[in-house]
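Asks: the amino acid sequence is not available; the structure is as follows:
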């Protein structure tokens with residue numbers, strides 16, 4: 001018995017720190033993926049917050065941009081995953097309960113659960 005899994009991978013030009021625009025693009029591509037029969041839509045690293053401008057931000061701006069995993073942006077994606085009945089993977093700048101920042105990626109499952117990966121670079125973080 002053979003089983004298949006249809007996955008949509010998406011690349012788009014985010015807008016730096018414009019979460020509402022980026023979430024709109026995420027929704028557009030997730031809906032397109034679901035309509036095409038995809039079971040998972042994988043969107044880019046830090047696609048919610050934007051990526052390339054982040055190294056130039058100061059501490060205050062980083063914390064203003066960051067959100068917890070249960071913040072409004074990831075929650076919006078989780079709701080969309082539920083509504084569409086597909087898994088949606090998105091990246092954002094995460095701020096955890098201890099105020100530590102992470103380049104994080106969340107796979108939001110249609111049943112409301114999710115899985116988060118925090119990216120660490122060997123020479124950028126203390127051991």
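Replies: Done, it's in. Everything quoted here is computed from the prediction, not taken from an experiment. Numbers count the residues shown, from 1 in each chain.
Asks: and residue 27, how far from residue 76?
Replies: Using Cβ to Cβ, to the nearest Å, residue 27 is found at 8 Å from residue 76. Every residue, glycine included, has its C-beta placed from N, CA and C.
Asks: same check, this time on residue 32
Replies: 17 Å.
Asks: repeat that for residue 35.
Replies: For residue 35, the distance to residue 76 equals 19 Å [Cβ to Cβ].
Asks: got it, and residue 13?
Replies: In terms of Cβ to Cβ, residue 13 sits 20 Å off from residue 76.
Asks: coming back round to it: which of residue 32 and residue 76 has more neighbours?
Replies: Legend: neighbour count by other Cβ atoms under 10 Å for residue 32 and residue 76, higher for residue 76 (18 against 13).
Asks: is the more buried one in a helix, a strand, or coil?
Replies: Per DSSP: H, G, I helix; E, B strand; the rest coil, the secondary structure class of residue 76 is helix.
Asks: model confidence at the residue lying closest to it once chain neighbours are set aside, what's the number?
Replies: The shortest distance from residue 76 to any non-neighbouring residue, by Cβ to Cβ, 6 or more residues apart in numbering, is to residue 23 (5.8 Å). Note for residue 23: predicted pLDDT of 98.
Asks: for residue 23, give me its contacts.
Replies: 48, 73, 76, 77 (Cβ atoms under 8 Å, 6 or more residues apart in numbering).
Asks: quick one: which of those residues has the most company?
Replies: In the contacts of residue 23, the most neighbours by other Cβ under 10 Å go to residue 48, 28 neighbours.
Asks: list the contacts for that residue?
Replies: Taking Cβ under 8 Å, 6+ apart, we find residue 48 in contact with 19, 22, 23, 26, 67, 73, 74, 77, 90, 91, 92, 93.
Asks: again, 6 Å this time
Replies: Contact analysis of residue 48 by Cβ atoms under 6 Å, 6 or more residues apart in numbering lists 19, 22, 73, 90, 92.
Asks: most widely separated two among the residues you listed?
Replies: Greatest spacing in the contacts of residue 48, by Cβ to Cβ: 19 and 90 (11.0 Å).
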